[in-house]
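1. predicted structure and sequence below. I'll ask about it afterward.
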Amino acid sequence: MLQSQNIICISSIDWDFIWQGHQEIMSTYAKNGNRVLFIENTGVRAPTLRDIPRLKKRFVNWSKGVRGIRKEKENLYVFSPIVLPFPYFRIARWINKYILLFHLKRWMKAMDFNDPIIWTFLPTGLTLDLINNINKKIAIYYCIDNFAVSSSSAHKVRYAEKKLIKQSDLVFVTAKELYDYCSQYTQRIHTFPFGVNIENFEKVKSEEHPRVPEDIKEIKGPIIGYIGGVHKWIDQDLIRNLAQTHPDYSFVFVGPLQTDVSKLSNLKNVHFLGLKPHEQLPHYVNCFTAGIIPYLLTDYTKNVYPTKLNEYFALGKPAVSTDLAEIRALNEKYGDIISVGKDAKDFARCLEREVNSSGNEHAIKRRVQVAKDNTWQNRIEQMSELIEDGIEKRKHDKDLKWRENLRKFYRVSRRRLIIAAAGIIMAYIILFYSPLLWFLARPLKISHPPRPADVIVTFAGGVGESGKAGQGYQERVVHAINLYKKNFAKKMIFSSGYTYVMQEAEVMKALAVSLGVDDEDIILEKKAASTFQNVKFATEIMRKNNWNSALVVSSPFHMRRVAMVCKKTAPEIEVTLAPVPASGFYGNEKKVKWRHIKAILHEYLAIIYYWRKGYI
């Protein structure tokens, strides 16, 4: 059996769900000295209202650990991931992939959990993403169900499953129908029906006075028992018919209710005992007179190997089943070891016969021997041999194909480099030789026809659109002076708190005075360090002077932000936006330069920042 390996199990059920092969196999490997990470079910369909309790349980499990990972027992860890519940939506799958890999890789690094065996029961696209992004020794797919027909919303899983089967180093299946399906895509396939942990059942047989559970103690016999989830594949019409025609029989179901059972709940001799701990199941089976497998015959159940059969046989209990394909195969192998009811009447006759002969010692020994042939211990040891051989083969293939793999690596790298270079060239052409940038910049520009106002407010450039000190303010001041000389306003405010050798507001005033503006008509605002403060401090000056209207001067692509701040900060002020008509920085807007891209990007980011700060 495998030892000292790291194993990642991608499960199709949760750890706390009905105990099945998933938990049995991984628990066995953990006990044998392997470290196991058990990833709980991430789903093959979108959840519905009936899944709400399961979703609540997932959040509870997530909170028990660190980012959803908890230690369940020695060498065994359980990961309860929180993912978007849309398994076939591309964006959701990409997000889920990122979330899972982010936490997985960090946990693996912290635990020194390298080169794992990846074993999956779940054939989804997300599973493929995990397998393809984790360095592994070998990938195993254990196909235990026909997921595509398990529900109307799960049929899309087929495409991912085909890819998974082709990619996997080993494929295990539980039934002939699944073997035939998987063999279309791989030859690396082996049949392993679910087994039984016979030691748990032998303990009950060895007890001189086996314990009888309290909730079955008062139920009169003969008891016709069923172990497992009470799901939609159970033929409730068959059970109802049997219960009504055999009122002296008690029909007992040990397992969680997973479907509506209103057809049966009003029958006095039908009992639903609910989910029980795995270690208690042998005590319940020991109380049965006979076990039943009352499944409907559907596309889904023709792939089912009923694990509970071996649990009945482990204690020598007879069993009656509907005409399932895997039951027929077992009867061919073991000589009609199971009674098969072709219809309701035939099922009833078989059940009566098994109840009446339930004490037959020879038949009991035959059944126990069948269970011993189908133990989990045997199954897991056989699987382990195949896995060890597969690891060696994969290692040998790598040694033989290193040249081919290296060439493939360089081919892929070269292709990625070409794609990246092509992308960069395309982006360069789009940015610098197409009108796209000016198209994106157009919403930033707002300009009103000049009209008389109380004051002309000019916001300086600080370090200018070029990113260099002393650039940007000149053209704004000149444009403001032109408006002043055309008598659109008699007063001017220059707003800037920037200092480069000298205060920028003082420099702006000196330029204006040198161009003929009366010194008394200029007011300086020398504290503002941002557009928001430009507007705030300038409007404070206006309110002190009882001015209600302003011509605002700044660069063309700054005006959208200015307008938005004015509307939020000073809604009572009548604002006329008068940007510089011919900016030397932006030129004729034909040839794009890197400084244009930076300036326009800066404006959009600034608008987003102002929105988050509540300035606009």
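-> Structure received.

2. in the strand or helix carrying residue 599, what counts as buried?
-> Using DSSP states H and E, residue 599 sits within helix 594-613. Neighbour counts over helix 594-613 (16 or more other Cβ atoms under 10 Å) mark 596, 599, 600, 603, 604, 606, 607, 610 as buried. Placement of C-beta: from N, CA and C, glycine included.

3. could I get the residues you listed as JSON lines with pLDDT?
-> Shown next, in JSON lines, are the buried residues of helix 594-613 (pLDDT from 0 to 100):
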{"residue": "596", "pLDDT": "81"}
{"residue": "599", "pLDDT": "84"}
{"residue": "600", "pLDDT": "87"}
{"residue": "603", "pLDDT": "90"}
{"residue": "604", "pLDDT": "93"}
{"residue": "606", "pLDDT": "92"}
{"residue": "607", "pLDDT": "93"}
{"residue": "610", "pLDDT": "93"}
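
4. what residue ranges in the protein score low on pLDDT?
-> 49, 149-154, 400, 461-472, 584-592 (pLDDT under 70).

5. how does it divide into domains?
-> As given by automatic domain parsing, the domain ranges for the chain are 6-191, 198-374, 403-434, 440-613.

6. could I get those as JSON lines with distance to residue 383?
-> JSON lines is the format used below for those (distance: least, Cβ to Cβ, whole Å):
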{"stretch": "domain 6-191", "distance to residue 383": "7"}
{"stretch": "domain 198-374", "distance to residue 383": "14"}
{"stretch": "domain 403-434", "distance to residue 383": "28"}
{"stretch": "domain 440-613", "distance to residue 383": "55"}
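
7. so which of those domains is nearest residue 388?
-> Nearest to residue 388, of all those, is domain 6-191, at 9.4 Å by Cβ to Cβ.

8. closest one to residue 393 among the domains of the chain?
-> Comparing these against residue 393 with Cβ to Cβ, the closest turns out to be domain 6-191 (8.0 Å).

9. off-centre distance for that closest one?
-> 12 Å (Cα atoms, centre = their mean, to the nearest Å).

10. would you mind measuring the gap between the ends of it?
-> With Cα to Cα, to the nearest Å as the measure, domain 6-191 spans 24 Å from end to end.

11. on the three-state scheme, the closest residue to residue 339 other than its chain neighbours is what?
-> Nearest non-adjacent residue to residue 339, counting by Cβ to Cβ, 6 or more residues apart in numbering: residue 350, 3.8 Å away. At residue 350 the chain is in helix, as set by DSSP: H, G, I helix; E, B strand; the rest coil.

12. could you report the neighbour count for residue 306?
-> Applying other Cβ atoms under 10 Å, we find 25 other residues in the vicinity of residue 306.

13. residues contacting it?
-> Shown in contact with residue 306 (Cβ atoms under 8 Å, 6 or more residues apart in numbering): 293, 295, 321, 324, 326, 327.

14. roughly how far does it sit from residue 478?
-> Applying Cβ to Cβ, to the nearest Å, the value for residue 306 to residue 478 is 90 Å.

15. quick one: stretch 427-441 to chain centroid distance?
-> 36 Å.

16. residue ranges for the strands of the stretch 451-600 of the chain, please.
-> 455-459, 492-495, 499-500, 502-503, 522-525, 549-553, 574-577 (DSSP state E, counting those that start in this stretch).

17. now distance to residue 31 and mean neighbour count too, for those strands, in JSON lines please.
-> Below are the strands of the stretch 451-600 of the chain laid out as JSON lines (distance: least, Cβ to Cβ, whole Å; neighbours: other Cβ atoms under 10 Å):
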{"stretch": "strand 455-459", "distance to residue 31": "74", "mean neighbour count": "27"}
{"stretch": "strand 492-495", "distance to residue 31": "76", "mean neighbour count": "27"}
{"stretch": "strand 499-500", "distance to residue 31": "74", "mean neighbour count": "12"}
{"stretch": "strand 502-503", "distance to residue 31": "78", "mean neighbour count": "13"}
{"stretch": "strand 522-525", "distance to residue 31": "77", "mean neighbour count": "20"}
{"stretch": "strand 549-553", "distance to residue 31": "77", "mean neighbour count": "25"}
{"stretch": "strand 574-577", "distance to residue 31": "76", "mean neighbour count": "18"}
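
18. need those in JSON lines (columns: distance to residue 358).
-> Listed next are the strands of the stretch 451-600 of the chain as JSON lines, based on distance: least, Cβ to Cβ, whole Å:
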{"stretch": "strand 455-459", "distance to residue 358": "96"}
{"stretch": "strand 492-495", "distance to residue 358": "98"}
{"stretch": "strand 499-500", "distance to residue 358": "100"}
{"stretch": "strand 502-503", "distance to residue 358": "104"}
{"stretch": "strand 522-525", "distance to residue 358": "100"}
{"stretch": "strand 549-553", "distance to residue 358": "97"}
{"stretch": "strand 574-577", "distance to residue 358": "95"}
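
19. figure out which of these is closest to residue 181.
-> Taking Cβ to Cβ, strand 574-577 is the member of the strands of the stretch 451-600 of the chain nearest to residue 181, at 69.5 Å.

20. each with direction, which strands does that closest one pair with?
-> strand 549-553 (parallel) (DSSP bridges).

21. distance from the chain centre to the strand it pairs with, please.
-> The answer for strand 549-553 is 53 Å, by Cα atoms, centre = their mean.

22. what's it in contact with?
-> By Cβ under 8 Å, 6+ apart, strand 549-553 touches 450-459, 476, 479-480, 483, 488-489, 493, 538, 542, 559, 562, 566, 573-580.

23. with only the CA atoms kept, save it in PDB.
-> Backbone C-alpha positions of strand 549-553 (Å, rounded to 0.1, in the frame of the first residue of the first chain) are rendered in PDB as follows:
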ATOM      1  CA  SER A 549     -20.600  83.700 -10.700                       C
ATOM      2  CA  ALA A 550     -17.200  82.700 -12.100                       C
ATOM      3  CA  LEU A 551     -15.300  82.000 -15.300                       C
ATOM      4  CA  VAL A 552     -13.100  79.000 -14.500                       C
ATOM      5  CA  VAL A 553      -9.800  78.600 -16.400                       C
END
